[in-house]
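# Here is my input; please provide its structure:
(chains A and B, ligands or ions: 2)
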Number of protein chains: 2
Amino acid sequence: MPQARLCSCWGGRVLPLLLAYVCYLLLGATVFQLLEKQAEAQSRDQFQFEKLRFLENYTCLDQRALEQFVQVIMEAWVKGVNPKGNSTNPSNWDFGSSFFFAGTVVTTIGYGNLAPSTEAGQVFCVFYALVGIPLNVVFLNHLGAGLHAHLAALERWEEQPRRSQLLQILGLALFLTLGTLVILIFPPMVFSHVEGWSFGEGFYFAFITLSTIGFGDYVVGTDPSKHYISVYRSLAAIWILLGLAWLALVLPLGPLLLHRCSQLWLLS
Amino acid sequence: MPQARLCSCWGGRVLPLLLAYVCYLLLGATVFQLLEKQAEAQSRDQFQFEKLRFLENYTCLDQRALEQFVQVIMEAWVKGVNPKGNSTNPSNWDFGSSFFFAGTVVTTIGYGNLAPSTEAGQVFCVFYALVGIPLNVVFLNHLGAGLHAHLAALERWEEQPRRSQLLQILGLALFLTLGTLVILIFPPMVFSHVEGWSFGEGFYFAFITLSTIGFGDYVVGTDPSKHYISVYRSLAAIWILLGLAWLALVLPLGPLLLHRCSQLWLLS
Ligand SMILES: [K+]
Ligand SMILES: [K+]
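Ligands and ions are numbered 1, 2, ... in the order given. Predicted coordinates for the structure are as follows:
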């Protein structure tokens, strides 16, 4: 019997889901291409133009020498050396940065602005993540156990009078809104101010971080031309941790809240 | 009563967990620093040396001009333009790459070798991820529903004779091992062959991908000097999908299998 249900489930649910999934990816591919391809072509032309201007201004250089230099710069960049400025740049692997890196491993954000380049570092990274990722999941789940009190109140919801039901939903909605403000609105404002981003870019950074996508195109505390206060990175790390715990709690609440609201609506 | 249990849970479990978590991060920070800092210093010295040699060879260049050129290259790189080669490089946002990018968004791998640079692209990316990440989770969970048959067999385990218990555990272990070989050993071999990586690097890429960390330091199908067969990226995408579904199923099985083995051990 469960065997049969499973088989029908495979054909009945997985195939439409696969179709929806592939269509969603195709949709994304189309829109991203539409939005980004032209901007990319412009950046490309701009770069070719600057390269040509450079060759014209410095006549001792030929195309081959320039390409060679580009190669040198890109190799340095891939190995984690910032080619801008001189060798007095702070190390990418000082303790604070290394700590931040460990955090991006266990949370699976993985910005990639730092990544182990030695074989030993890569081997350690694999074993570190094998233990660290489950530890992070367990920790985040426990960190937010406090919110379950609210959830428990919603669970005993049906025994309560109508008015108190409404108050509870309002209270929970207020709580969720305030939390989201504290996690998703206020920190991006601070980050955009410190990093010189627009608020939109700050919010984009916050979203890409807390969704654990972590492209690494925007990372706080990595501009070598800026002098950050010493606790800035630690505060960012605490924000990431609290944000992830908050989302781990809030996201499952969404469907429950919707369900309760629809019940209230149908009963009125 | 549940209120009291929750409070004691906060003090009783969260604090030791917090301690363990912070200690684990400190440990990681120390080891990564030990492993990487020296290699970084070497790469840095190497780069400064090559820069100096370049300045000596091309005497029309001064330090300031060189820094300016580095700036131009890094700006192009940040905007997603590969500074190597000429403008005939294939676009980063052709349909195949854009599709691959959409996949790295919904799976939260987010390599970041491609990321939206326009404001419209960033806004769309946020909304795309908001729908796509849950869709991906639901899809992956359903994709592997077939394995639950094995899980169900293990659930009805205690009613069965001793010999069949042993056979079942062996069968499951074989199944898990074979699956892991197909997902974690064979594809890295292919990738390292095609990309010119060592097997270790191929395995590191596979681990960083399937754990959804996605540093982006190794990404298949992105070397502009290589001509990949047209289905290579699609095969890689299918591997990622199957691998994630496999892990979503196998990881919860681990504790169950350990528990059953210990039961068998205690009874013998
Ligand atoms: K990631
Ligand atoms: K990432």
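# Briefly note if the helix or strand containing A:Leu140 comes near chain B.
When elements are assigned from DSSP states H and E, A:Leu140 belongs to helix A:119-143. Yes - using C-beta under 8 Å from any C-beta of the partner chain, helix A:119-143 reaches chain B at A:119-126, A:128-129, A:131-133, A:135-136, A:138-139, A:142-143. Every residue, glycine included, has its C-beta placed from N, CA and C.
# Just name whatever secondary elements that helix is in contact with.
Packed against helix A:119-143 by the contact rule (3 or more C-beta pairs under 8 Å, 6 or more residues apart in numbering or on different chains; DSSP states H and E) you find helix A:95-106, helix A:232-267, helix B:15-57, helix B:199-210.
# Take these and lay them out in TSV including mean pLDDT.
Output for the helices and strands packed on helix A:119-143, formatted as TSV (pLDDT from 0 to 100):
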stretch	mean pLDDT
helix A:95-106	88
helix A:232-267	78
helix B:15-57	85
helix B:199-210	92
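# In JSON lines, list the ones you listed along with mean neighbour count and distance to B:Tyr228.
Shown next, in JSON lines, are the helices and strands packed on helix A:119-143 (neighbours: other C-beta atoms under 10 Å in any protein chain shown; distance: least, C-beta to C-beta, whole Å):
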{"stretch": "helix A:95-106", "mean neighbour count": "22", "distance to B:Tyr228": "29"}
{"stretch": "helix A:232-267", "mean neighbour count": "15", "distance to B:Tyr228": "36"}
{"stretch": "helix B:15-57", "mean neighbour count": "16", "distance to B:Tyr228": "28"}
{"stretch": "helix B:199-210", "mean neighbour count": "21", "distance to B:Tyr228": "15"}
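# ok so, going back, please indicate which of the residues of helix A:119-143 next to chain B are buried?
By neighbour count, with 16 or more other C-beta atoms under 10 Å in any protein chain shown, the residues of helix A:119-143 next to chain B hold A:121-122, A:124-126, A:128-129, A:132-133, A:136, A:139, A:142-143 as buried.
# quick one, phi/psi of A:Pro224?
Torsion angles at A:Pro224 (phi, psi; degrees, to the nearest 10) stand at phi -70, psi -20.
# Relative to B:Ala248, how far out is it?
39 Å (C-beta to C-beta, to the nearest Å).
# Also A:Ile213?
For A:Ile213 relative to B:Ala248 (C-beta to C-beta), the value is 18 Å.
# same check, this time on A:His193
40 Å.
# For ligand 1, what's the nearest residue on the stretch 1-150 of chain A?
A:Gly110 (4.3 Å; C-beta to the ion).
# doesn't B:Asp217 make contact with that residue?
No - if you go by C-beta atoms under 8 Å, A:Gly110 and B:Asp217 don't touch, sitting 9.6 Å apart.
# What residues does chain A have near ligand 1?
Applying C-beta under 5 Å from the ion, we find that chain A lies next to ligand 1 at A:Gly110, A:Gly214.
# Quick check, central residue of chain A?
Most central in chain A under C-alpha atoms, centre = their mean is A:Thr209, positioned 2.0 Å from the mean C-alpha point.
# wait, isn't that residue in contact with A:Ile240?
Yes - if you go by C-beta under 8 Å, A:Thr209 and A:Ile240 touch, sitting 6.2 Å apart.
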